[in-house]
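> sharing a model that was predicted from the sequence below.
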There are 6 protein chains.
Amino acid sequence: MRIDGRRYNELRPLTIIPNYTKYAEGSVLIEQGDTKVICTASIEDMVPRHIKGTGKGWITAEYSMLPRANRERNQRDISKLKLAGRSAEIQRLIGRSLRAVVDMTAFGENTVTIDCDVIQGDGGTRCASITGGYVAMCLAFKRMIADGYIKETPVLEDVAALSTGIIRLDGREQAVIDMCYDEDCSALADFNIVMTSNGCFVEVQGTGEERPYTNDELVNVLKITAPAIYNIMEIQRGALR
Amino acid sequence: MRIDGRRYNELRPLTIIPNYTKYAEGSVLIEQGDTKVICTASIEDMVPRHIKGTGKGWITAEYSMLPRANRERNQRDISKLKLAGRSAEIQRLIGRSLRAVVDMTAFGENTVTIDCDVIQGDGGTRCASITGGYVAMCLAFKRMIADGYIKETPVLEDVAALSTGIIRLDGREQAVIDMCYDEDCSALADFNIVMTSNGCFVEVQGTGEERPYTNDELVNVLKITAPAIYNIMEIQRGALR
Amino acid sequence: MRIDGRRYNELRPLTIIPNYTKYAEGSVLIEQGDTKVICTASIEDMVPRHIKGTGKGWITAEYSMLPRANRERNQRDISKLKLAGRSAEIQRLIGRSLRAVVDMTAFGENTVTIDCDVIQGDGGTRCASITGGYVAMCLAFKRMIADGYIKETPVLEDVAALSTGIIRLDGREQAVIDMCYDEDCSALADFNIVMTSNGCFVEVQGTGEERPYTNDELVNVLKITAPAIYNIMEIQRGALR
Amino acid sequence: MRIDGRRYNELRPLTIIPNYTKYAEGSVLIEQGDTKVICTASIEDMVPRHIKGTGKGWITAEYSMLPRANRERNQRDISKLKLAGRSAEIQRLIGRSLRAVVDMTAFGENTVTIDCDVIQGDGGTRCASITGGYVAMCLAFKRMIADGYIKETPVLEDVAALSTGIIRLDGREQAVIDMCYDEDCSALADFNIVMTSNGCFVEVQGTGEERPYTNDELVNVLKITAPAIYNIMEIQRGALR
Amino acid sequence: MRIDGRRYNELRPLTIIPNYTKYAEGSVLIEQGDTKVICTASIEDMVPRHIKGTGKGWITAEYSMLPRANRERNQRDISKLKLAGRSAEIQRLIGRSLRAVVDMTAFGENTVTIDCDVIQGDGGTRCASITGGYVAMCLAFKRMIADGYIKETPVLEDVAALSTGIIRLDGREQAVIDMCYDEDCSALADFNIVMTSNGCFVEVQGTGEERPYTNDELVNVLKITAPAIYNIMEIQRGALR
Amino acid sequence: MRIDGRRYNELRPLTIIPNYTKYAEGSVLIEQGDTKVICTASIEDMVPRHIKGTGKGWITAEYSMLPRANRERNQRDISKLKLAGRSAEIQRLIGRSLRAVVDMTAFGENTVTIDCDVIQGDGGTRCASITGGYVAMCLAFKRMIADGYIKETPVLEDVAALSTGIIRLDGREQAVIDMCYDEDCSALADFNIVMTSNGCFVEVQGTGEERPYTNDELVNVLKITAPAIYNIMEIQRGALR
């Protein structure tokens, strides 16, 4: 039994509240266990310089935690005048994951910015940001359709993400999905997996924390993660209906 | 009739949800109309250098808006490497307002940091931050009492804030309390008033926006604001029960 | 008797030396007691993005203290890579105060920047900056008229500012105008009042420092401040002749 | 045939020059094809605050490119006052990879900083930084042994890294190891793989660039990468002899 | 005849007003023609880390121009978040020049910070900063003697500086001392010379602006500059009496 | 005998490897004793705002040391968010030195940026950067000629630099050229001299470190430095052939 009573392949309660804020073109509040992230999608009529004039759009993400999203209060980035390295790493991952499932030529020279602000963190915030950010992005594209800017969604397939780890459980080493913070802290290895609805991977990032991991362990992690990601996609679809 | 149908002295719906996040010593979500602010109070066992060794504590505040809290997306401070001047001004106001009602010698050499993060802004965010921040601070002191660090609350009296303005309404100029964003945008003058439960002022800040204002106008604004602030204090007390 | 022998409603010696520097379109050295501020007004042929194309101009202010303007040396902002929060607050106040008395449509798409650099601070630097900045601005508009850019001044009425406080004096609590630094340090409450020559308020900012203040106290403070501000306006007019 | 005539599983010429600079405790110049990175390992008698007093050491990395390491000149980070997000991501990867093979309790409360400065970039700079950084680190530990600070190396096993991708080649899609920049630019998917001498993974990071990738593709990529990493480890050992 | 009617070896009017501000341990306003610089010397009971515990003191300088000290308004450093390269260069020169004439072991582990703020610039600001900064520093040491911290001044000899240039004058090329801004702008070569009362050089910095210069020209420049620097030292001594 | 066995007027071994990197328009690795600097020249089709439209080009330099180029590891500028003052000073010197020997109207509105990155520092890095930067710049102009952008080189004469100092040697004070770091550390005075092939000076910067220096000493330093700079120019020419 895991610390919170779940089975190794059991997701935490997951809800995605669409249209959580009133100004953003798309927005959600995603709650995955005690992890809570506000994701907004903002559309702006401009693109970064390097793709200006190509007819393509751009999708980018920013990730931040409120100062007291964690056990200890963290100083704001602006107080240190530095974006936390961890945030820089995460927002690049979110951006790549979302761009991977969108036809970048199909929504004009517009930029979609996905802001992921963690209200409360209890493990898996980067994956929740991808999962929630995807829904916010879809809602923003719906708005573009409703407003007559585009005819159909440029989204090619669904994308969602899940964190899975190898932890010690009752004296054995066990792969478990959707780790909470306490599990994450003592995980032997830790995987962030981003999949599409076609069963393909957009990103696999596996890190040996306490020790390196074997090929078999990686294969097993991927195997138990896939069905859970399909379940998450059902919840995404519910939020989009 | 005002744009949202309220009378000149009618508050917007106001709710304060206590213990909104699980890690902070004190926290609330305050919703005042469509303005939504998360206020957390964090207690840390340290004080700024200039009061070290005096036996006094410190109370400070930080204020920030999520990038898409408004009609347009705003760049994050960290992207510009500058704290917005408006935020600097507001967080100083919040800090002064809360320190004014606390016995700074009565909670040891600890710092209480009030983080006010605006999820959605529709006017009056600085006043909502004071009103909500006060409740978060009280909850944090309750936690200190429960944990045995202090015997009784160092809070001397209640404090709450309200924004009142002079607007054009049906061809007349009229003082109205608790302006929403649309009213604020076209206000002739704009007042942020911070009061204690004893009927005294901690801060009065009145700005002539479209035109200077008279002494009589100031007196009238203060008169119609006071009862509304007492109503707000009732809601604060409800949240603290 | 106050610390420097003045009566409660007596200004410190106040001089405004016009055209203090030779390059700025307008400039003054204002000395109010031992407080000394250089105010320059610079006119530049450009406006911030958000008003480009509206035909309006812009007026903005920057405020800074020399490192050794005070008892202790302060690090420069650039050493800390942060504009002091207090400076941010003050320069916003100066800008609002000056914009309030100018017809922003009457001097073209130009920006007037008022730089207020405190050479020596002995209380009341923000009010002296407004008072002196107003004269520097008027001088700059005179230059624009002399150079044929505009036909008449866009200034609608005079503006000046004064700091007034409630202090303990001979065992009583007494409102006194134009506090010096020593009075300011131990003031019970502290008011910055910006008035026009028509007797209206552009800004009233009152802060309870040691304790909140009552409505009657506020009314009294405003009452004793107004005549002194009229006196200051006489000195402004002298400097402009 | 690949663009530079190599077979799909053929490494570029790889040399590691040990002791490349004279001051650092450990240093190498690693050349992998036209990619050239200077890696230095510096030992300092201090650790970050969060591990002070634990008896553990710390290993961290910094990564940077010279402004003209690429086809176009890039502005320095200091000109933009921001660490490039890509650099932040990469230096975290290098640090994790090296910490994974070291007994952090076996070299005292010291910090080893691995500086990876890319002199010329032609694909695979992050993997070359890990491979070269590992050798620099080992040299620094040798120095510590020689100087009598530690008795034996705290390194538990070897670590090296290789970038592998799926590219279009003669009309087919083909996994190829050790991509040069031109291959990298048009890769369908791109994998950075960090392995130990025991055949385990420290990090697997696979990104679908042009399209998501399948489980089979991932398995194949790992299969062709492993032998090449063993070859790299032979070269590392040569440099350390 | 030079643009302002002076002979080639004639100084501009030079005044040094001692004790210009009331808080600094030492201060002057130096006016050299239309160049005006406020120099303050602040003594703080601390030294930089690298000399802590050596029993030595430290002398350092900071240099800045007010935004409108010049023909055009310059953005403040803090607005750009960068110390101007020119200021960095100049303040290092001032610091080296003053340290060169002081016995650094003779005033305890204290830091003297010389702040040079240019109120108005008309050429020669860096030299005026050295000349004025020297007087401010001497005044601060006098204060230390008066306060009983040290018995005698740690100053070993006088130091002053002058800018000399080679300009075109009536169709000839002519070395002239103490250039004003207009001369400086079109100078062929430009020298900043820092001398002691013993006739030695602390710094010679000669730059070919429009063209390189010969050895003979350098020798001539030094020859005509020395007597003028002795004159400046007379004025320094007057200010110190 | 000097610490490394050289005579007072003997250069360290000096090599300049042209075309050291493959992307830059011009590049060298310059090794002067144990000092090693990579200099690249990048040509970009743009100029700073203040010379746009004048038909002139621009030449600028950036200077940086790798963190472990010295005995101790230095934090990167980006970690401190500040360009080191010393680097600011040096890169301005390099830029001035190179601009002095180029016809700025003869290569179009292009910017040549010279990046000088010190791989290993053992004294004289700023002079080596000028010497090497000059060769890199010439190579870049050769490329422009080869590519048909310009017909002939805009370089008017050669430029090279050398550091010379006055040190204590066998109980006497002796001027020596091309100081290594150990000599530099204890030098009484220190001169950076930048000369052209015509025997003129572009820059002379002489600093009294331990004591001021006399006119005779300066004259002697210049006399022994000139022949050595001519020797360096021979090596520059060799690298350019």
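Great, that's in hand. What you see is a predicted model; the values in this text were computed from it and never measured.
> what's the helix or strand for A:Ser163?
A:Ser163 is part of strand A:159-169, with elements assigned from DSSP states H and E.
> got the contact list for the very next helix or strand once past that strand?
Where DSSP H and E defines the elements, the next helix or strand beyond strand A:159-169 is strand A:172-177. Applying Cβ atoms under 8 Å, 6 or more residues apart in numbering or on different chains, the contact partners of strand A:172-177 are A:2, A:6, A:8-11, A:162-169, A:183, A:188, A:217, A:220-221, A:224-225, A:228. Every C-beta, even on glycine, is put in place using the N, C-alpha and C of the backbone.
> again, only this time at 10 Å
A:2-3, A:6-12, A:124, A:162-169, A:183, A:187-189, A:191, A:193, A:210-211, A:213, A:217-218, A:220-225, A:227-229, A:231 (Cβ atoms under 10 Å, 6 or more residues apart in numbering or on different chains).
> now the helix or strand that comes right after that strand, how far from the chain's geometric center?
Next helix or strand after strand A:172-177 toward the C-terminus (DSSP H and E): helix A:181-185. Here the centre of helix A:181-185 is set off from its chain's centre by 18 Å, with Cα atoms, centre = their mean, to the nearest Å.
> also stretch A:107-126?
In terms of Cα atoms, centre = their mean, the centre of stretch A:107-126 is set 7 Å apart from its chain centre.
> check stretch A:206-218 too.
For stretch A:206-218, the distance to the chain centre is 22 Å (Cα atoms, centre = their mean).
> quick check: mean pLDDT of that stretch?
Averaged over stretch A:206-218, pLDDT sits at 96.
> and for stretch A:32-43?
pLDDT averaged over stretch A:32-43 gives 98.
> right, quick check: stretch A:194-207 against chain D, any contact?
Yes: interface with chain D: stretch A:194-207 contributes A:194-196, A:198-207 (Cβ under 10 Å from any Cβ of the partner chain).
> are any of those buried, and if so which?
A:Val194, A:Met195, A:Thr196, A:Cys200, A:Phe201, A:Val202, A:Glu203, A:Val204, A:Gln205, A:Gly206, A:Thr207 (16 or more other Cβ atoms under 10 Å in any protein chain shown).
> from these, which is closest to B:Ile17?
Using Cβ to Cβ, A:Val194 comes nearest to B:Ile17 of these, at 33.3 Å.
> now the residues of stretch A:194-207 next to chain D as CSV including secondary structure?
Output for the residues of stretch A:194-207 next to chain D, formatted as CSV (DSSP: H, G, I helix; E, B strand; the rest coil):
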residue, secondary structure
A:Val194, strand
A:Met195, strand
A:Thr196, strand
A:Asn198, coil
A:Gly199, coil
A:Cys200, coil
A:Phe201, strand
A:Val202, strand
A:Glu203, strand
A:Val204, strand
A:Gln205, strand
A:Gly206, strand
A:Thr207, strand
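> and stretch A:51-68, how far out from the chain's middle?
14 Å.
> could you pull out the buried residues of it?
Under 16+ other Cβ under 10 Å, the buried positions of stretch A:51-68 are A:56-68.
> redo those as CSV? Include distance to A:Ala84 and secondary structure.
Shown next, in CSV, are the buried residues of stretch A:51-68 (distance: Cβ to Cβ, whole Å; DSSP: H, G, I helix; E, B strand; the rest coil):
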residue, distance to A:Ala84, secondary structure
A:Lys56, 30, coil
A:Gly57, 28, coil
A:Trp58, 23, strand
A:Ile59, 22, strand
A:Thr60, 17, strand
A:Ala61, 15, strand
A:Glu62, 12, strand
A:Tyr63, 9, strand
A:Ser64, 8, strand
A:Met65, 8, strand
A:Leu66, 13, coil
A:Pro67, 12, coil
A:Arg68, 15, coil
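> quick check, nearest of those to E:Glu44?
A:Pro67 (32.7 Å).
> the one helix or strand A:Phe191 maps to pairs with which strands, parallel or anti?
Here A:Phe191 sits within strand A:189-196, counting by DSSP H and E. Sheet pairing here is set by DSSP bridges, and for strand A:189-196 it gives strand A:159-169 (antiparallel), strand A:201-208 (antiparallel).
> show me how far it is from its chain's centre.
Here the centre of strand A:189-196 is set off from its chain's centre by 10 Å, with Cα atoms, centre = their mean.
> how about stretch A:15-35?
So, by Cα atoms, centre = their mean, the centroid of stretch A:15-35 is 13 Å from its chain's centroid.
> tell me where chain A has helices.
Per DSSP state H, chain A carries helices over the ranges A:77-80, A:85-99, A:125-146, A:181-185, A:215-240.
> one step back: dump the strands paired with strand A:189-196 into a markdown table; add distance to F:Lys142 as well.
Shown next, in a markdown table, are the strands paired with strand A:189-196 (distance: least, Cβ to Cβ, whole Å):
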| stretch | distance to F:Lys142 |
| --- | --- |
| strand A:159-169 | 51 |
| strand A:201-208 | 46 |
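> the ones you listed: which one's closest to B:Ala239?
strand A:159-169 (34.7 Å).
> and that closest one, what's buried?
Within strand A:159-169, the residues that qualify as buried by neighbour count (16+ other Cβ under 10 Å) are A:Val159, A:Ala160, A:Ala161, A:Leu162, A:Ser163, A:Thr164, A:Gly165, A:Ile166, A:Ile167.
> closest one to B:Thr153 out of the residues you listed, please.
A:Ser163 (40.9 Å).
> quick one: residues contacting the residue nearest to that closest one when sequence neighbours are not counted.
The shortest distance from A:Ser163 to any residue other than its chain neighbours is 4.4 Å, reached at A:Gly124 (Cβ to Cβ, 6 or more residues apart in numbering or on different chains). Residues in contact with A:Gly124 (Cβ under 10 Å, 6+ apart) are A:12, A:32-33, A:35, A:37, A:131, A:161-165, A:177-181, A:183-184, A:192.
> partner residues bridging the residue nearest to A:Tyr8 when sequence neighbours are not counted?
Counting by Cβ to Cβ, 6+ apart, A:Val176 is the residue found nearest to A:Tyr8 once chain neighbours are left out, at 4.5 Å. Beta-bridge pairing of A:Val176 under DSSP bridges involves A:Gly165.
> please report how far A:Val176 lies from chain D.
19 Å (Cβ to the nearest Cβ, to the nearest Å).
> kindly state the beta-bridge partners for A:Glu62.
Judged by DSSP bridges, the bridge partners of A:Glu62 are A:Asp115.
> and it, how close does it get to chain C?
22 Å.
> got the contact list for that residue?
Counting by Cβ under 10 Å, 6+ apart, A:Glu62 has contacts A:83, A:87-88, A:90-91, A:94-95, A:113-117, A:129, B:67, B:75-76, B:78-79.
> now which of those would you call buried?
A:83, A:87-88, A:90-91, A:94-95, A:113-117, A:129, B:67, B:76, B:78.
> just the buried subset of the contacts of strand A:172-177, written out for ChimeraX, thanks.
A single ChimeraX command selects the buried members of the contacts of strand A:172-177 (16+ other Cβ under 10 Å):
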select /A:2,6,11,12,124,162,163,164,165,166,167,183,187,188,189,191,193,211,213,217,218,221,222,225,228,229
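> that older thread, what is the burial count for the residue nearest to A:Tyr8?
Neighbours of A:Val176 under the rule other Cβ atoms under 10 Å in any protein chain shown: 23.
> look up how far chain F lies from it.
In terms of Cβ to the nearest Cβ, A:Val176 sits 38 Å off from chain F.
> A:Met144 too?
35 Å.
> I'd say that residue and A:Asn110 touch.
Yes: with contact defined as Cβ atoms under 10 Å, A:Met144 counts as touching A:Asn110 (8.0 Å).
> shared neighbours, those two?
A:Ile43, A:Ile150.
> coming back round to it: who wins for proximity to chain B among the helices of chain A?
Of all the helices of chain A, helix A:77-80 sits nearest to chain B, with 4.1 Å by Cβ to the nearest Cβ.
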